[in-house]
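Participant: Sharing a sequence plus its predicted fold:
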Amino acid sequence: MTLIWMLLGSSLLDLVVASGILFYPWERYLDSETLRIVSIPRFILAGLGMTAIFLFKLPVCILLGLDMFGTIHLVYLDLVVVFPLLGLGAFIVSRWGKKMKVVTPSAKVLSLLLISFAFIGLWASFVEPFRLQLENAELTLPQSSSNLKPLKVGVFADLQTRAITEYEEEAVDRLLAEKPDLILVPGDLYQGEPDHFDRELPKFRKLLSRLKAPAGVFSVRGNVDRQYEYAKVIEGTGVIDLENRSHEVEFEGRKIRIVGIEPRGGIDSKNPLWKPLLEPKAENEFRILLSHYPDPVLDLPKKSPVDLVVSGHTHGGQICLPLWGPILVLSRVPLSVGAGGLSVVEGNRIYISRGVGVERDQAPRIRFFCPPEISVITVK
C-alpha cells in the first residue's frame with residue numbers, strides 16, 4: 001500500500017509541476033506575450049522541471065523503501081501516464097483554448113506523439129505480458145549416434161507470480177501439448193507476500209504436478225524463491241529438486257546427466273559436484289547444466305564437455321528496443337545472449353528462456369517487444 005501511494009503521489013506531483021510550466025498564465029505576472037505560446041522549448045522546460053522534482057523526491061522515496069524496480073516504475077508512469085496527459089492537455093488547448101494559450105504546430109505534433117505513449121503503455125502492461133509464445137530451438141550434437149531419436153527438452157522458466165490464473169494454466173497446457181521428453185524448470189516460481197503464500201500453495205502444487213515427462217521434470221531455485229517456500233511448492237509434485245545435485249537418467253539409448261546449481265552459485269572444478277560434469281563424456285551422453293542465472297556459462301572452460309546450459313532469470317530483458325534489443329538483463333552475459341534463445345558463449349551452448357511471467361514486487365508489469373515464452377529444444 002505504501003508503494004501505491006508513493007507511485008500515485010509521485011506521478012501527481014510530476015503532472016502538477018509540468019502542467020504548471022506548460023499552461024499556467026505566467027504572462028500575467030511577467031508581462032511577456034511569449035509565455036502565451038506552448039512550444040517545443042516550453043515542453044523541454046516542463047521536462048527539465050519534472051527531472052528536477054524527480055531528483056529531489058527520489059532520495060526520499062528510497063528512504064521509504066523504494067528499490068531499483070520501484071524507480072523504474074516511477075519513470076514508467078511518467079512516460080505512459082503523465083506525458084500523455086500533458087500531450088492531451090496541449091491538444092485540448094490547441095483546439096478550444098486559443099484565447100488563453102497558443103500552441104505552435106510543432107508542439108501539436110509533439111502532443112500527439114506524447115498521447116501515443118499511453119497506447120504503448122496499454123500494450124506493454126495489458127497485452128504483451130500475456131502474449132505467450134512457443135519458442136522452438138534445435139541443437140545438434142556432433143558425437144551423437146544417428147540412430148538415436150531426437151530428444152525434446154521443454155523449458156518452463158520464471159513463472160514468477162503470486163497467484164495461479166488461467167494464464168499459467170494455459171502455459172502448462174501448451175508445453176504439455178508439445179509432448180516433451182524432459183522438462184526443466186530454472187526457478188522463480190512464487191513472487192509475492194509471505195502471508196499470501198499459504199493461501200496459494202495448493203494451486204501452485206496442483207499446477208506443477210501437471211508437469212510430466214518420460215525422462216523426468218527437474219528444477220532449481222531462482223533468486224526470488226525463498227528457500228522454505230520453494231521446498232513447499234515442489235513438495236509432492238513429482239518435480240525433482242536439483243539444487244547443487246547431479247542426476248543421471250537413461251532414455252531411449254541416450255544417457256542424460258543433469259547438474260543443478262544454486263542461485264548465484266559458481267563452478268569449482270575441485271568440487272565433487274562438478275567433476276562428473278567436466279570429465280570426458282561417454283558416447284551418446286548428453287550433459288545439461290541447469291541454472292537460474294545464465295552467468296555460470298561464463299565460468300565454464302572453453303568448449304567444455306557440457307552440451308547445454310539452460311537458464312532463465314533475464315526475462316529476455318522485458319523491455320527491448322527495435323534494432324537494439326534489451327536495455328537491461330541483470331546478468332554478466334552480453335545483452336544479445338541475455339535477450340534469450342540459443343546462443344554460444346566461448347564455445348559453450350546456452351539456452352535462456354524469456355520466461356512465463358514478469359518481474360513483480362515494486363516493478364511495473366511490462367513487456368515490450370519481448371513476449372513471454374515456453375520453450376522446446378530438440379536435441380539431435
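Facilitator: Noted; the coordinates are in hand.
Participant: Quickly list the domain ranges of this structure.
Facilitator: When the chain is parsed with automatic domain parsing, its domains come out as 2-126, 131-379.
Participant: Straight-line length of the last one, end to end?
Facilitator: Translated: domain 131-379. Taking CA to CA, to the nearest Å, domain 131-379 runs 26 Å from one end to the other.
Participant: And for the shortest one?
Facilitator: Its start and end residues considered, domain 2-126 measures 23 Å (CA to CA).
Participant: mean confidence score for it?
Facilitator: Domain 2-126 carries an average pLDDT of 87.
Participant: Show me how far that domain is from its chain's centre.
Facilitator: Mean-position distance between domain 2-126 and its chain equals 27 Å (CA atoms, centre = their mean, to the nearest Å).
Participant: related to what we said a few turns ago, deepest in the core, which of the domains of the chain is it.
Facilitator: Per residue and on average, the most neighbours among those fall to domain 131-379, with a mean of 18 (mean count of other CB atoms under 10 Å). Just so you know, the C-beta spots here come from the backbone N, C-alpha and C atoms, and that holds for glycine as well.
Participant: Verify the assumption that residue 377 is located in a helix.
Facilitator: No: judged by DSSP: H, G, I helix; E, B strand; the rest coil, residue 377 forms no part of a helix; its state is strand.
Participant: Okay, and the nearest residue to it once chain neighbours are set aside sits in which element?
Facilitator: Leaving aside its sequence neighbours, residue 377 sits nearest to residue 153 (CB to CB, 6 or more residues apart in numbering; 4.4 Å). Assigned by DSSP states H and E, residue 153 belongs to strand 151-155.
Participant: hang on, isn't residue 179 packed against residue 152?
Facilitator: Yes: counting by CB atoms under 8 Å, residue 179 sits close enough to residue 152 to count as a contact (6.9 Å).
Participant: who's in contact with the residue nearest to residue 377?
Facilitator: Residue 153 is in contact with 180, 181, 182, 183, 184, 288, 308, 310, 376, 377, 378, 379, counting by CB atoms under 8 Å, 6 or more residues apart in numbering.
Participant: same thing but at 10 Å, please
Facilitator: For residue 153, the contacting residues are 137, 139, 180-184, 213, 215, 256, 286, 288, 308, 310, 351, 375-379, by CB atoms under 10 Å, 6 or more residues apart in numbering.
Participant: and if you look at residue 172?
Facilitator: 156, 159, 164, 183, 207, 208, 209, 210, 211, 356, 374.
Participant: before we move on, back to that, give me the sheet partners of the strand holding residue 153 and which way each runs.
Facilitator: Strand 151-155 pairs in its sheet with strand 182-185 (parallel), strand 373-379 (antiparallel), by DSSP bridges.
Participant: can you pull up the bridge partners for residue 138?
Facilitator: residue 378.
Participant: Wasn't residue 370 part of a strand?
Facilitator: No: read with three-state DSSP, residue 370 is coil and lies in no strand.
Participant: hey, where'd the strands end up in the stretch 201-350 of the chain?
Facilitator: Taking DSSP state E, counting those that start in this stretch, the strands of the stretch 201-350 of the chain run over residues 217-219, 240-241, 246-251, 254-260, 285-290, 308-311, 320-321, 325-326, 341-345, 348-352.
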